[in-house]
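1. Kindly return the folded structure for what I paste below:
(chains A and B)
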Amino acid sequence: MCSGRVDLKFILRAFLNGLDGVLIGACKLNECNYVTHGNYDALGNTYLFKKIMERIGLNPERLRIEFMSGADGNLLAEVTNDFVKQVKALGPLGKSEGLDEKSLKSKLEAVNKLVPYIKLVERERLRVPVKSKEAYHQFFNGDEANRLFDELIGDKLSISQILLLLRESPLSTGKISEMLGLNPSEVSKHMNSSSRHGFVRYDESQKCYALA
Amino acid sequence: MTFTEVDGVEGEAGDFNVTLTKKPRYIIEDKCTGCTTCLKYCPVEYPDQFNQEISKNKAVHVYFSQAIPLVAYIDESCLYLKEKKCLICESVCQAGAIDLKQTKKKIEINVAAVILSSGIEPYDPKVKDEYGYGKMQNVVTSMDYERLLSSTGPYSGVVLRGSDKKHPKKIAWIQCVGSRRVTPGDNSYCSGVCCTYTQKQVILTKDHEAGAECTIFHNDIRSHGKDFERYFQRAEQLPGVEFIRSYASIAREIPESRNVVVRYATADDGVKEKEFDMVVLSVGLNPPADNKKLADKFGIELDSHGFCKTKHSNPMATTRHGVFVSGAFQGPTDIPESVFTASGAGVQCGELLDYRRGNLAKERIYPPERDVSEENPRIGVFVCHCGANISSVVNVPSAVDYALTLPNVVYAQQQLFSCATNSAKEITDLAKEKGLNRVVIAACSPRTLEPLFRDTLREAGLNQYYCEMANIREHCSWVHSKQKDEATAKAKDIIRMSVARACYLAPLQEFDLPVNKAALVVGGGIAGLTCALSIANQGHEVYLVEKDKYLGGTARRIYSTLEGMDVQAYLKDMIRAVYKNPLIHVFHEAAITDVSGYVGNFVTTVVTEGRVKEIKHGASVIAIGADVHKPAEYLYGEDDRVMTHLELEESIAKGDENVINAECLVMIQCVGCRNNDRNYCSRVCCSHAVKNALRLKEKNPAMDIHVLFRDMRTYGLREDFYREASEKNVKFIRYEPEDKPLVEAAVAEGKPVLRVTVTDPILGVKLAIDADILSLAAAVIPSASTMEVAGLFKVTLSPDDFFKEAHVKLKPVEFAADGVYLCGMAHYPKHITETISQAYGAAGRVLTLLSKDTVVASGSVCEVTDDDCVSCGACITACTYGAIAFRDTPNGRKAWVNPILCKGDGVCNAKCPTNAIVLKHFTDDALMSQIDAAMPSFN
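-> Got it, this is the predicted structure:
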């Protein structure tokens, strides 16, 4: 099993289970003993997941990937100690980010629902053609990747979160934006498109949106 | 047999009597588990030899952390051995492995063949005062520096100076220390590996310390290895890295700072000095220290440098029949060459012993496997003390009690050493007695002992994939030795996770595929011929496919090697041997149109001389060679006096008077490579130029010969010929790629000449040389049929379009695709001797496959659930082995995994949007259950 086997779902499951940090250990880049070089896939997924974390209000520093060989026992210990220290400083997941347990779960669930879609989008639009650490760094920190992420995943993530909220009770645009920390115009944009798609309906009498 | 020396070798090939002396290790190897408890208690510290004596180790210790066998030995610094005191190790060793009464043992063995792989000795710069090594604390050798960089090194991977244990910020490397010099104490040859290892050290240094300033004082940069040119560029382009072409010497040490001053000279500035925090001497390779004794014992001869004397036509053969040599005892060699000469020496033992192959082999028989698929999980947990390794930190009895509380665990117990033979037997017996259907071993890393425990399950009639290991040693007791309570809690967590996963383990079948005993060799050049002959000499049929009318390949145009081997005579002998061998079937004017199948069972369609043949074979060797670049510059093709080095060689051999009687001849190196189009070095051209120059000087000593070069890459023992050419007044002039030589037709003193203008880097002026003949070092380029062949055999290419081996260092003759092998220039440009070595090496790998009746495919491979597959193809593009393809099913097109090609990396799983593709043994369910169990309180 290669580090490239580490699925977005695994990372998500760890956070859903309330773990405060996830460390992915992978072989050294460009030193694959096969021709797989799957650690680059793990690296790509890590960058992607960090973006998702940012988007749902979690500190992306809770996820880390480190590359080391079987002979790097000291490095593993060093990295683990450092990461534990860092995560302890960040405090418990959700609470430290000002999210209560319920909304944390709801946000992570929203991501979980999108995983199949994210995988498709990653393959089509968010894969880095050149296998080098620098190229990955540049791509995922570049404007183009941010634009693509917002366009392809960010909006979907917002809508997914909104729909999960509406499952509980109908809500007004203002309330939604307050609960998700999104700006109201963005929320109404999503509500417009979602009602066009027939996911939600506007309840005139209560002045709020409900699931269709 | 480690710690053992050879005293003598008597007899002859097929029947050697070898006397050995096994030195006392003072440790009973069978009992030692490598736990290193003794090391903790041993009171004696002495310089750690593995770490270049920079740090300390104990009198009893394991030589290094990855030693094989992983057992300790006791050094002569031991107090008991010296003064009959101490014996602490004996009392702390729970395995009872210490035996201080051991003495030297003489052992006699009877063997049929001998392989010498004694390696090299690093050059010792202490032999010369000028390097300051041993006197200045901040002058280290590259071997010292290698250990400093290593995470298992003296300072755990932190680079520190000897004088003040501070981080050096300014580091210099001095190249060619002990190499390429004829002064006493130095070696005249080039060590061949130092340029690139220095670049590696520079890259690692910058990884360790981004702000480090690295300066490399070098002569020619010899990046002649595969992908080395790119590697050099990577190092050179790092910020703060400077390569300076200059001889350099250690001027002095500054007493206050202990910094080291290096003196060097450049063409622009003359002699200069620069101060560094640390200086690394890039030391070369010496023959093994006891080479003369070695030669006497084995009855072999050495060459003038003290390396093993070998035949040019067979670099693995020593002067004694039945004694072979591999690796750097042949002369300076890099890792890939060492690996393929090792395989090549092995295959020649096979040729020698073919008539009695398999006589000593015994088949192992296991009890029939019990079907437990209908049973609920019944898990047994065995928690290992590992002597005191685990139990001195983790409370093992408490972990056992805890395991018993876990769901589905029906039995748990502790063991002193789970890996000991009696413990393994205990696991087998208890599994039967208690009706266990899954076993969790809480002990060490699965890397070393999982095969043993899987075997234990098989002995109990259980499927081996029902074994699960919980690593409570490397991941727990070893890293938390001071936190016993937390370590015990963590061990419980790890066991709980393994138990959770064990419930989801499924019985998997490893299937045996029959192996067709024939081989297909593509390409009838020296590589293909050598490989085919070696395979056929061991009783296997070989189909040799050649696209041309004649066998021989590029070698047909080469008349001698630099070392003087008569290539045409050799080729003639080889070709005759191939035609005479009844097991080799040669197809001329052949083209492969289709390849199907997989390891052990290929079917290849060949069109040969108008007929279509279908060949069934178990192994394939790609040996299609390379082509010569046709230069588009320097008037090549426009003027008859301009030729390539190969054409020049042909002219010399044929006695072309225009060439031999030329007054002045110019050679231009690096034509068509080491540029943007082909970013690699063709490796052979520098030696080729020297060879042609020497042959011309033999025939016409008065000829004025100029070689215009960028870096002379006459690596290894070829350096001597470069020096000989220089001594015979062949003029070598270096040019920069930005300022290439210019060639024009001109008339001088009424004679038509080729006027070559080049900048002399030392004089700094343009020289105009009027030549009668111009010879170009045209690049070696991938064969025109490379793409086609790669597509047919589903193998991949390197960035420069040579075939890509499975691993550049460790698997240089194999492809990632099983059953397909590689040798010769199809892999990368190389000299004839190197091609012969690699061809034998490939034959060795082929024989490893063909000598078996079956190949075993792992059970842990991917499988697609048709109903979930949406035919998106994400898995297909993720697979680097071409193991997944679409297949039509009654429910439409679905992805399908060929389990024989799948390597079980599981990258496809993480790409599949619908979880349709599943890596068996590492399923989502199994891994998710582990993640869930990591934090049981939450659920």
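
2. Spatially central residue for chain A, please.
-> residue A:52 (2.4 Å; Cα atoms, centre = their mean).

3. so which strand or helix has that residue?
-> Per DSSP states H and E: residue A:52 is located in helix A:39-55.

4. and the residue nearest to the centre of chain A, what pLDDT?
-> Note for residue A:52: predicted pLDDT of 95.

5. Check residue B:937 too.
-> 67.

6. Also residue B:422?
-> At residue B:422, the model reports a pLDDT of 85.

7. Could you do the one 5 residues further on as well?
-> Reported pLDDT at residue B:427 in the predicted model: 96.

8. anything in the biggest helix by length in chain A sitting right up against chain B?
-> The longest helix of chain A (DSSP state H) is helix A:101-125. Yes: using Cβ under 8 Å from any Cβ of the partner chain, helix A:101-125 reaches chain B at A:115-117, A:119-120, A:122-123. C-beta: built from backbone N, CA, C; applies to glycine.

9. interface residues of chain A facing chain B?
-> A:1-2, A:4-10, A:13-14, A:17-19, A:33-38, A:41, A:45, A:70-75, A:77, A:115-117, A:119-120, A:122-123.

10. Can you select the buried ones among those for me in PyMOL?
-> Here is the PyMOL selection string for the buried members of those, based on 16 or more other Cβ atoms under 10 Å in any protein chain shown:
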select buried, chain A and resi 1+2+4+5+6+7+8+9+10+13+14+17+18+19+34+35+36+37+38+41+45+72+73+74+75+115+116+119+120+122+123
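
11. Next, residue B:404: phi, psi?
-> Phi and psi for residue B:404, reported as degrees, to the nearest 10, are phi -70, psi -20.

12. which one is it nearest to, not counting chain neighbours?
-> residue B:412 (4.9 Å; Cβ to Cβ, 6 or more residues apart in numbering or on different chains).

13. sorry, back to before: which of the residues of chain A next to chain B fall in helices?
-> A:8-10, A:13-14, A:41, A:45, A:73-75, A:77, A:115-117, A:119-120, A:122-123.

14. I figured the residue nearest to the centre of chain A was touching residue A:156, is that so?
-> No: the pair residue A:52 / residue A:156 is not scored as a contact, 10.7 Å apart, by Cβ atoms under 8 Å.

15. ok, back up a step: residues in contact with the helix or strand encompassing the residue nearest to residue B:404?
-> Using DSSP H and E, residue B:412 sits within strand B:409-415. Outside of strand B:409-415, the residues within contact range by Cβ atoms under 8 Å, 6 or more residues apart in numbering or on different chains are B:378-385, B:396-397, B:400-401, B:403-404, B:423, B:426, B:430, B:434-436, B:499.

16. where does chain A have low pLDDT?
-> Counting by pLDDT under 70, chain A contains no low-confidence range.

17. Disregarding flanking residues, what is the spatial nearest neighbour of residue B:703?
-> Counting by Cβ to Cβ, 6+ apart, residue B:703 lies nearest to residue B:696, which is 5.5 Å off, once chain neighbours are set aside.

18. With residue B:697 instead?
-> Leaving aside its sequence neighbours, residue B:697 sits nearest to residue B:728 (Cβ to Cβ, 6+ apart; 4.9 Å).

19. do the same with residue B:344
-> The shortest distance from residue B:344 to any non-neighbouring residue, by Cβ to Cβ, 6+ apart, is to residue B:840 (3.1 Å).

20. How about the contacts made by that neighbour?
-> B:314, B:316, B:340-341, B:343-345, B:347-348, B:530-531, B:534.

21. Out of those, list just those in helices.
-> Residues of the contacts of residue B:840 located in helices (DSSP H): B:340-341, B:343-345, B:347-348, B:530-531, B:534.

22. what sits against the residue nearest to residue B:852 when sequence neighbours are not counted?
-> Nearest non-adjacent residue to residue B:852, counting by Cβ to Cβ, 6+ apart: residue B:515, 5.7 Å away. Taking Cβ under 8 Å, 6+ apart, we find residue B:515 in contact with B:600-601, B:618, B:849-850, B:852-855.

23. Quick check: buried residues in stretch B:390-403?
-> Neighbour-count burial for stretch B:390-403 flags B:390-396, B:399-400, B:402-403 (criterion: 16+ other Cβ under 10 Å).

24. that older thread, what's the residue nearest to residue B:697 in contact with, if anything?
-> The neighbours of residue B:728, taking Cβ under 8 Å, 6+ apart as the test, are B:693-694, B:697, B:701.

25. most neighbours, which of the residues you listed?
-> Neighbour tally across those (other Cβ atoms under 10 Å in any protein chain shown): the maximum, 28 neighbours, falls on residue B:693.

26. got a pLDDT number for that one?
-> At residue B:693, the model reports a pLDDT of 98.

27. check contacts around it.
-> By Cβ under 8 Å, 6+ apart, the contact list for residue B:693 reads B:667, B:705, B:707, B:725, B:728, B:730.

28. again, but for residue B:235
-> Listed by Cβ under 8 Å, 6+ apart, the contact set of residue B:235 reads B:199-200, B:202-203, B:241.

29. Only the buried subset of those, as a ChimeraX command please.
-> Only the buried entries of the contacts of residue B:235 go into this ChimeraX selection, using 16+ other Cβ under 10 Å:
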select /B:199,202,203,241
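
30. Okay, and which of the contacts of residue B:235 map to strands?
-> residue B:241 (DSSP state E).
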